[in-house]
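> Sequence and predicted structure below; questions after.
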Amino acid sequence: MTGSDHWDGVYGSKGDDVSWFQPTLERSLAIIDGLGLPAGSSAIDVGAGSSTLVDDLLDRGFGAVAVADLSQVALDLIRARLGERVRQVSMIVGDITRVQLPDNAYDLWHDRAVFHFLTDPAARATYIRQVLRALRPGGRVVVATFGPQGPERCSGLLTQRYDEGTLHSTFGEDAFTMIGHEREVHRTPWGAEQEFVYCYFRCEAC
């Protein structure tokens, strides 16, 4: 997944003009709205970049939201945009497989376009242990990766592509119950198409 210098360079030079950018994460929000989480729930958005998902979660009544990313530059864009509401948000800078997250802290774990950069099986296993430790019992996971027809490289890095079954089995079918899955063809800011697979789980082992 490489380090912070790489991603600071990406956001520093491109801002929101990156392949995965969406003005609003409509698919993620529709899935989250359907999960039935109560008002005041807490969430973490992994690989948040400069995404507006945190704004939308606060608008929906989430009590606390954490945003995690390797890039301080990206999180500074969120900080500047949120203004006073940033007091409701925890900013976590670092590799999600290495940062220290609080135990049993979140009702929702959201990841759009981080997990597919973990091409090392050991890194994937560490990531999943982070999910298991950081989610509250029965917490929900929404994870989106490149699908079988998605790009093999992104931002100069290799990616790991998934279908619904392989993504579920990678997380662990005993530890995570599949609630649903969807596919999306995302159009980049310059018109290319990228296939994404979304899976949403209930954590049974948290």
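Yep, that arrived. Numbering: from 1, shown residues only.
> so where do the strands sit in this protein?
Ranges of strands in the chain, per DSSP state E, are 42-46, 64-69, 89-93, 106-112, 135-146, 153-154, 157-158, 176-187, 193-203.
> Show me which helix runs longest in the protein.
For the chain, the longest helix by residue count, based on DSSP state H, is helix 121-134.
> For that one, buried residues please.
Of the residues in helix 121-134, those with enough neighbours to count as buried (16 or more other Cβ atoms under 10 Å) are 123-124, 127-128, 130-132, 134. In short, each C-beta sits where N, CA and C put it, glycine included.
> if we take these, which one ends up nearest to Gly40?
Distance ranking of the buried residues of helix 121-134 against Gly40, using Cβ to Cβ, places Ala134 first at 17.8 Å.
> Return the residues in contact with the closest one.
The contact partners of Ala134, by Cβ atoms under 8 Å, 6 or more residues apart in numbering, come to 44, 101-106, 109.
> hmm, 6 Å instead?
Residues in contact with Ala134 (Cβ atoms under 6 Å, 6 or more residues apart in numbering) are 101, 105-106.
> circling back: export the strands of the chain to a markdown table and tack on mean pLDDT, distance to Gly83 and mean neighbour count?
Putting the strands of the chain into a markdown table (pLDDT from 0 to 100; distance: least, Cβ to Cβ, whole Å; neighbours: other Cβ atoms under 10 Å) gives the following:
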| stretch | mean pLDDT | distance to Gly83 | mean neighbour count |
| --- | --- | --- | --- |
| strand 42-46 | 98 | 18 | 25 |
| strand 64-69 | 97 | 15 | 23 |
| strand 89-93 | 97 | 11 | 18 |
| strand 106-112 | 98 | 22 | 24 |
| strand 135-146 | 98 | 26 | 22 |
| strand 153-154 | 91 | 31 | 12 |
| strand 157-158 | 94 | 33 | 12 |
| strand 176-187 | 95 | 29 | 16 |
| strand 193-203 | 96 | 30 | 20 |
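> can you put those in JSON lines and add distance to Thr166?
Rendered in JSON lines, the data for the strands of the chain read as follows (distance: least, Cβ to Cβ, whole Å):
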{"stretch": "strand 42-46", "distance to Thr166": "19"}
{"stretch": "strand 64-69", "distance to Thr166": "24"}
{"stretch": "strand 89-93", "distance to Thr166": "28"}
{"stretch": "strand 106-112", "distance to Thr166": "16"}
{"stretch": "strand 135-146", "distance to Thr166": "10"}
{"stretch": "strand 153-154", "distance to Thr166": "18"}
{"stretch": "strand 157-158", "distance to Thr166": "17"}
{"stretch": "strand 176-187", "distance to Thr166": "11"}
{"stretch": "strand 193-203", "distance to Thr166": "9"}
